[in-house]
Each structure stands twice: as C-alpha cells, then as structure tokens.
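Undergrad: output the structure for:
(2 chains)
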Protein chains: 2
Amino acid sequence: MGPLDELAKYFQKMPSVGARSAQRLAFFILSQSPAWVNDFTQALQAVKKNVRYCSECHNITLQDPCEICRDQTRDRALLCVVAEPRDSQALEKVGYKGLYHILGGLLSPLDNITPEVLRIEELVRKIRGGAFREVFFALDPTVEGEATIMYISELLKDCAVKLTRLAYGLSTGANIDYADELTLTRAYEGRVAIN
Amino acid sequence: MGPLDELAKYFQKMPSVGARSAQRLAFFILSQSPAWVNDFTQALQAVKKNVRYCSECHNITLQDPCEICRDQTRDRALLCVVAEPRDSQALEKVGYKGLYHILGGLLSPLDNITPEVLRIEELVRKIRGGAFREVFFALDPTVEGEATIMYISELLKDCAVKLTRLAYGLSTGANIDYADELTLTRAYEGRVAIN
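TA: Numbering: from 1, shown residues only, chains lettered A, B, ... in the order given. A predicted model of the protein is given here:
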C-alpha cells in the first residue's frame, strides 16, 4: 500500500520507532478523522515555525533571548550545563533557579561527537568572563557524561570558579540487591553522615 | 514550551507512545529540517486522501474494489478471515492466494466489541452465498481470537463449508523450556507424524 508504506518510512526515522511500530502508527493515522490529521499537521508545522533557539543559552524558546535568560529574578551567577533542552525542562520542574548553557550533546568520539561539535568553546569563554560563582553540570551519569565533565573541567583548571555536578547514588524506590555495581559503588563512595 | 507540548499531545494519542516518548518525538520534529517536516505532513495527508476501504473485503485500498478482490487469478473459493488489514498484509507475504474478509477486530465484550461492532453478519451472509469451498480463520491465538472463531463457527454449524484455522505450536527459534504452558500444550496436542 503505497501511501501507508511511504508514511511508515517517516515514522521509522523517529527515535525508538522500529519497522513494526512505524506500520502501526501509519495505520493509526489512517484510522483518525481528517480533522485530527489536519490538526496534527498544523501542530507539526507550528513547532518548526514558532520554536527557535536562544542565542545566549541555546535553549528552545519562542522569543530570543529566552524567558530564563531575560529573567532578572533568577540567580545569574549560577550556571547549569546540560546536554539537551529537555534536560533543562526536567531541572525547571525541581525548582532550579539559575541560568543554563545547552551543550547540544555529550562527548562521544566514536559517534563523531567531538568537542568542536558541542558548544564547549563558547561555554568556556562565558565562564572565563567571570560572571559565575558556580557552574553546575547536570549531565547523564554515563561514560559520555563523565568524559564531558572531565574534558570541560580540564579546560577550566586554572579558573577559580566552583564546579559541581549532580549527586550519584541510589534512585528513590530502588532495591539495593537489584542496583548495578557501579551505582552501588557510587552510593557507597558518596555516603552521607546522618548524625 | 507551548507548541512542543501541543505537538507532544498528538503523539501521546498514538499506540504505545507514552508521555516521555511523545516529548522525545516532539523534540525530534524540532530537530528536523522544515523540508522534512513538510514532506512528512504531506505523507500524512496523502494517507487520509488516497487510502480507502474495499467495499467487498473491507481491506485498505487505493481503488474500490481492491486489487485482491479484482484479481481473477486468485483462488476465489478460499476465504481468509482476519481481524485487521495489517494481518492480511502478513499473509500476503507468506504467499496466501485466496480472498479476504476483514472483521474489523476481535470479539471482546469487556471492551464493548460485540458481534454487531464487527463485520460478522456480512461474513456469514457471504459464506451462506455458497461461493466458498473453505473459510480459513487467521486470527490471533488469544482468548478474543478463540472466542471470535467459536462464535462464527456456531453461526455456521448448519453450513457445509469447511472451516480451518492457523496451526498453533512453537514459534521458529523458540526454546521448549521457555515456552509458556499453553503454547506447549497446543504444540503437544497438535503433534505431527514424521514417518
């Protein structure tokens, strides 16, 4: 079926959509009303038309600079480094009140994500500008995240700014006997006094 | 972010897309070129505009009646009953050469899928028309599939037509010790002579 297969090909390009789910999604579209499909295509176009990137922090925004960069009530001496815009959205939900810098990914030389591909040079320049008291890395606790933190802190080793990262340890609701070894090692090494 | 959240809502209505993946998909759209998003929306519209349902077998088609129903080289005395168009696509791939009847689902009274919701009455009328030598049920081997076969064969018990269903047993590559009990029971009961 030409048009269905054609549509499925687009779905298959999307993250974590395989051939089978792409076909299911195409059939789902077929089962929807023309009005729904119309509204959906308008929502797709609206994202491309209205969402842009902030020229200061590179977060997504409707206006440049973004609301966060313009907000004078936030702590402008605290900078949070994240990989992607969605990571900053997660931090907003937990009440973070400083500024952001979106790297655009994490170092991963095997996938051709080298320092030049990310917004590292710009970050270092910003920090050396001296406006920040603390730079806080909120990167995934993976090999790539660790490598990115190490690479950037090496570039800043002669700089007086305080560098911090998220705490590593057991997730809420986790079971000690199901935790992987690295998580448990980190939870042990980072153990905290309770009295 | 208004437009992104708006778009994510549409993705979240799709089968097996949760809140988190809907957000990822919205970000994926944002990262694509305007041309890609344009082509994607055109593929969406094309499905709704060009794909229709065959008035004979209720399969999806570009022309009514569909290619299969028009094809005089197929075995027109063999009828395959399937739940959804995608099931017929699977059978086409394994070389089935008869006609189809798409039920539109499987009986599931708890989900309000009663016989009236499905195209059962029309199927029974077709079969009683006497044009078929064999009616072959290719339905999922689930409670709903079984119930649907039982319900329809009950309606046809005074009819001379031969009714068949797919074989149940071990899937290719399965491990006997990992097979669930029902599968193994069915494989045992359906065991086949090899000499």
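
Undergrad: how far away is the residue of chain A found nearest chain B from residue B:24?
TA: Chain B sits closest to residue A:41 of chain A, with a gap of 4.0 Å, by CB to the nearest CB. C-beta coordinates here come from the backbone N, C-alpha and C atoms, glycine included. Distance of residue A:41 to residue B:24, computed by CB to CB, to the nearest Å: 19 Å.

Undergrad: do the same with residue A:156
TA: 31 Å.

Undergrad: longest strand of chain A, counting residues only.
TA: Determined from DSSP state E, the single longest strand within chain A is strand A:75-82.

Undergrad: could you pull up the mean pLDDT of it?
TA: Strand A:75-82 carries an average pLDDT of 95.

Undergrad: over to stretch A:178-189?
TA: 81.

Undergrad: what's the answer for stretch A:85-100, then?
TA: 89.

Undergrad: could you list the buried residues of that stretch?
TA: Within stretch A:85-100, the residues that qualify as buried by neighbour count (16 or more other CB atoms under 10 Å in any protein chain shown) are A:85-89, A:91, A:96, A:98-100.

Undergrad: near chain B, which of these show up?
TA: Restricting those to those within reach of chain B (CB under 8 Å from any CB of the partner chain) leaves A:85-86, A:89.

Undergrad: domains of chain A?
TA: Chain A breaks down into these domains under automatic domain parsing: A:2-49, A:75-165.

Undergrad: show me where chain A dips below the pLDDT cut-off.
TA: The model of chain A has pLDDT under 70 over residues A:1, A:195.

Undergrad: quick one, what contacts the residue nearest the centre of it?
TA: Nearest to the mean C-alpha position of chain A, by CA atoms, centre = their mean, lies residue A:84 at 2.5 Å. Residue A:84 is in contact with A:102, A:104-105, B:27, counting by CB atoms under 8 Å, 6 or more residues apart in numbering or on different chains.

Undergrad: also residue A:153?
TA: Residues near residue A:153 by CB under 8 Å, 6+ apart: residue A:163.

Undergrad: may I have the phi/psi pair for it?
TA: Note on residue A:153: its backbone torsions stand at phi -70, psi -30 [degrees, to the nearest 10].

Undergrad: for chain A, which helix extends over the most residues?
TA: helix A:34-50 (DSSP state H).

Undergrad: secondary structure element for residue A:149?
TA: Per DSSP states H and E: residue A:149 is located in helix A:143-155.

Undergrad: between that helix and strand A:75-82, how many degrees?
TA: Interaxial angle of helix A:143-155 relative to strand A:75-82 (axes from the mean of the first three to the mean of the last three CA atoms, to 10 degrees): 130 degrees.

Undergrad: so for helix A:143-155, what gets flagged as buried?
TA: Under 16+ other CB under 10 Å, the buried positions of helix A:143-155 are A:144-146, A:148-149, A:152, A:155.

Undergrad: swap in stretch A:18-32?
TA: A:21-30, A:32.

Undergrad: give me the subset of those touching chain B.
TA: Answer for the buried residues of stretch A:18-32 near chain B (CB under 8 Å from any CB): A:21, A:23-30, A:32.
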